[in-house]
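>>> quick one: sequence and predicted model below, then my questions.
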Number of protein chains: 2
Amino acid sequence: MSDFPRGYLAAGWNSGIKDTTLDFGVIYSEAPAAAAAVFTRNNFPGKPVVVGREHIAGGVLQAIVVNSKNSNVATGDPGLMLAREMCSLTAESLGIETTHVLPSSTGVIGRLPPIEKIHAACREAKARLRTADFHSFADAIRTTDKTVKLASRTLGNGVKLTIAAKGAGMIEPNMATMLVYAVTDAKIDAADLRRMLPCVANRSFNRITVDSDTSTSDTFVIMANGVSGHTIKFPDAAKSALDSDLEFDSKTDLPGLDANSNEFYRTFVELSQQVSRSIVSDGEGATKILEVRITEARSKDQALKIARSIANSPLIKTAIHGGDPNWGRIIMAVGKVFDEPVPFENLKIYFGDVLLEMTGTDQLPILQAYLKKPQIVLRVSLGLGKSEERVWGCDLSREYISINADYTT
Amino acid sequence: MSDFPRGYLAAGWNSGIKDTTLDFGVIYSEAPAAAAAVFTRNNFPGKPVVVGREHIAGGVLQAIVVNSKNSNVATGDPGLMLAREMCSLTAESLGIETTHVLPSSTGVIGRLPPIEKIHAACREAKARLRTADFHSFADAIRTTDKTVKLASRTLGNGVKLTIAAKGAGMIEPNMATMLVYAVTDAKIDAADLRRMLPCVANRSFNRITVDSDTSTSDTFVIMANGVSGHTIKFPDAAKSALDSDLEFDSKTDLPGLDANSNEFYRTFVELSQQVSRSIVSDGEGATKILEVRITEARSKDQALKIARSIANSPLIKTAIHGGDPNWGRIIMAVGKVFDEPVPFENLKIYFGDVLLEMTGTDQLPILQAYLKKPQIVLRVSLGLGKSEERVWGCDLSREYISINADYTT
C-alpha cells in the first residue's frame, strides 16, 4: 500500500525548455483542497510567486504546475503574463478554476521562458496525469539537484502525507531556491494550515543554508484534500505552543492539539527536517552535512543569529571540508554577531559529544577523527538562558566553485 | 629622498614563533606621538586588542610591537599577561612608557604564543631598530599574505605618510584580519586624529570583504610625531563634512579644513584605498578584484547593505571567477536585503560602463569580454536618492578552499 495520499495525481515530463531532461511537472487533486503557502522574502520575487500569492489568498488549490530550467524572474510584463497563462491553461486542461492553480518556476534568472513550449506543456496536463507519479514530478522540478527529494508517511489513523521538493544552491535564509510541495489526504481548514505551515518551515526549511544566498522563487505549499475523512486541527488556542520556544526535537505533545493533530504535526516536522537535510547534503559541492546547535541562549533570536553566523562562515565551512578542528574560527563566528555579545567564559563548544578543551593540543586526534564523519554536529552552549536553535549547513568545497563559476554559459 | 616620515625607526625579524620566516616587528618614534586607533568589533577581541584599547586612551604612542603566526586570542589570563608583557618589555628595551606601546598579534586563534620567544624578541627591540626598515616590518606581520603591503607619499608641504599593513583572509566587515599602521611626521592632535581616523576607515578598510568573516584582531592605528613641524587639523567644525554623504571620490575640498589638511586627508584616503585594494587582490585565492558601487541610494546605509550583499554573495563571487555574466544573481543579491526594498523598475546595472539590457542575449559577448579583466566594477543604481557607497571584494576560487581547508594542521 502506497504512502502517497489518496485523491492526487502527479506527473513529470519533458517539455523541451532547454534539453531533453524532465522539466515540467503537475500535481492535481481530484477534489478542491484547502491550502496555504509561504514564499521567498526576496524583494524581487519571480513572476510565479506574484501569481501564487494571489491565488493562495483564497485558501483553496486544486493543482500545482511547475517548470524547471528557467525561473521566470526579472522578465517584466511578458513573464507575468506567462505565469498567469500557466495557471489558466493548466486549469482549462484539468477543468478547474484558474485561481485554484499555483505556479512555480526555477532555473536561470532574467530570461523569458519559451512561451510556446510552456503553453503546450500546460495543455497536456490532463493527458499526462494518468498515475500519481510523484517521483517523476519530483524529478522534473530539479535544477542542480543530484537527488530526487521525496518523503512520504502514513499516520496511525491512515492519513497520508507526501513531500516533494527541490533545492541544492542559493539556499538561505528563509527559504531558498527551494520548492517544496506537501500534499495530504487529511481534512484541514485553510486557516489551520496557515497557522501551522510557518511553524514547520521554521523548524526545517527556514533552518538550512548552503551559501547564504536567497532565491527569488522559494515556495512551500501544502494542500489538504480531506479524502481520508480524518480531520486535523490547528486551532488558534495552539498557536502560542506552535510558535513557542519548546525544545527543537520535543516529543511531548503540544497543548491545544488533539492526539491525531499532534501526530500529524510531528510527522510533518520530521519529514520536513528529513527533506531539509537531503537538500543540504545535496548542497552544491557538499561532501558533509554540518548541523549547528546553539543551546542555553538568551532568546531564540540570539540562538538563530549565532547559528547562522557559524553555518555560513566560509572559514568554518572550509575547515569542516578539510577536517581541520580549527575551533578559533568558531570563536570568531560567535563573536562577529556584534549585537549579541556572549561572555567568553560562558562558552562551551562541543564537537559531537566531545566538550572542547580550549587549551593545549591533546584533543587534536579525537577532533580530527570526528571531523572525518559525513555528518558533523557542532554545539555551542552560551550559558545565558534556555532557548535553542538548530541550523543545517554543509561544507564548502572546490566543487561548489566549479558548479557555480559557469552556470549559464 | 625617502617618502618614509622622519623620526621613526622600524624593523622586522624572526623570533622563532613557528618557523624561520619573519614573525616579529616593531615601529618606534623617537618622540612621543599623538595617536588614535580603531579596532575590531568582534565580541571576542584578541588580548593585544584589549591592551591596545587601554593604551590608546591616553592619545600618545611611541612604539608598536607586532607578532605574526599566533593571534593570542582565546588564551585566557596567560594570554592577557603576555600582551601586557609585550608592551612592558618593549618599553623597557626602548626606554619609554609601557602605556605608549600598542601591541598586535595575528595568526592562529586559541593557542598561547611561546612566551619565552616573545619575551626575548621584545627585549631585542632597541638592538634591532638600526634603520627605518618599514619593509621588513611589513613583511614580518604577514600571515597568509602573498605580498608586502606598504604605501608612502610625500605631500606638497613635505609632510610624509607611510602605511604598513597585512590582511588576506577573514576580511569583513568593519576591519578584518587586518593590521594597519599609519605613521606621519605631521603634527596632529590626538583629538583630531580620533575625529578623522574612522572616516578614513569607512572609505577604505571598512569597505573591503574577502569572505565576510570578521577577525578578532583587527587594528588600524595612526601615529603623528610632529617632526616635520607642519600642523594638520581636523577640527570639530569639519566633523560633519568628514562624516558626510559626499561623493566617495570627491576631489573638492572639505569645508572646515585648510588646504594642507585637505591634502593630508585626501592622501590618507587614497593610500588607504590603495592598500585596501592590495589586501583584496591578495584575498585568499583571489584572481580578480571586484568593486561594487551602489549609486542613487536613499541613504548611505542602504547603499552599504546592498553593496555588501553583492560583494559577499558566493554565487556572484563564483560567477565573477568564471567570467560568467549571470546578472540574475545580482538581482537576487539586491533583493535579499529584505529591509531595503528597491522598485525593480528603478534598477540600473552596469558592468563597467556598459548598461545591462535585461532582455535578450545580444550583450553576452560584450559582458563576457568585460569579465575577463582582472578588475571588475559592478555598479547598481537604485534610482531612489543621492547617496552612494563602494565596497571592494574579490572572486571565490578553488584556491580559497585549498588555503582554508587545512590551515592549522
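Ah, there it is.

>>> and the residue of the stretch 301-409 of chain A closest to chain B?
As assessed by CB to the nearest CB, chain B sits closest to A:Gly328 within the stretch 301-409 of chain A, at 2.3 Å. Every residue, glycine included, has its C-beta placed from N, CA and C.

>>> which non-adjacent residue is nearest that residue?
B:Ile109 (2.3 Å; CB to CB, 6 or more residues apart in numbering or on different chains).

>>> now the helix or strand hosting A:Ser272: mean pLDDT?
In the assignment (DSSP states H and E), A:Ser272 maps to helix A:259-281. Average pLDDT, helix A:259-281: 91.

>>> could you do stretch A:94-110 as well?
Rounded mean pLDDT across stretch A:94-110 is 93.

>>> stretch A:319-334: end-to-end distance?
16 Å (CA to CA, to the nearest Å).

>>> buried residues in it?
Going by neighbour count (16 or more other CB atoms under 10 Å in any protein chain shown), the buried part of stretch A:319-334 is A:319-334.

>>> and for stretch A:369-383?
A:Tyr370, A:Leu371, A:Ile376, A:Val377, A:Leu378, A:Arg379, A:Val380, A:Ser381, A:Leu382.

>>> now tabulate those residues in TSV and tack on pLDDT, distance to chain B and secondary structure.
Shown next, in TSV, are the buried residues of stretch A:369-383 (pLDDT from 0 to 100; distance: CB to the nearest CB, whole Å; DSSP: H, G, I helix; E, B strand; the rest coil):
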residue	pLDDT	distance to chain B	secondary structure
A:Tyr370	95	14	helix
A:Leu371	93	10	coil
A:Ile376	94	14	strand
A:Val377	96	20	strand
A:Leu378	96	15	strand
A:Arg379	97	17	strand
A:Val380	97	12	strand
A:Ser381	97	15	strand
A:Leu382	96	12	coil
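
>>> quick one: the residue of the stretch 1-150 of chain A found nearest chain B and A:Ala297, what's the gap?
Relative to chain B, the nearest point of the stretch 1-150 of chain A is A:Ile109 (2.3 Å; CB to the nearest CB). Counting by CB to CB, to the nearest Å, the gap from A:Ile109 to A:Ala297 is 36 Å.

>>> same thing with A:Arg379?
For A:Arg379, the distance to A:Ala297 - CB to CB - is 12 Å.

>>> next: A:Asp253.
With CB to CB as the criterion, A:Asp253 and A:Ala297 are 24 Å apart.

>>> neighbour-wise, which of the two wins?
A:Ala297 (26 against 15; other CB atoms under 10 Å in any protein chain shown).

>>> surely A:Gly16 is within a strand?
No: using DSSP: H, G, I helix; E, B strand; the rest coil, the assignment for A:Gly16 is coil, not a strand.

>>> phi, psi of it?
phi 80, psi 20 (degrees, to the nearest 10).

>>> who are the packing partners of the lowest-mean-pLDDT helix or strand in chain A?
Across the helices and strands of chain A, mean pLDDT, DSSP states H and E gives its lowest value to helix A:398-405, namely a mean of 77. Helices and strands touching helix A:398-405, as assessed by 3 or more CB pairs under 8 Å, 6 or more residues apart in numbering or on different chains; DSSP states H and E, comprise helix B:314-322, helix B:398-405.

>>> helices or strands up against the helix or strand in which A:Ser309 is found?
Counting by DSSP H and E, the element that carries A:Ser309 is helix A:300-312. Here helix A:300-312 touches strand A:289-297, helix A:328-335, strand A:375-381, strand A:387-394, going by 3+ CB pairs under 8 Å, 6+ apart.

>>> if we use 7 Å, what do you get?
strand A:289-297, helix A:328-335, strand A:387-394 (3 or more CB pairs under 7 Å, 6 or more residues apart in numbering or on different chains; DSSP states H and E).
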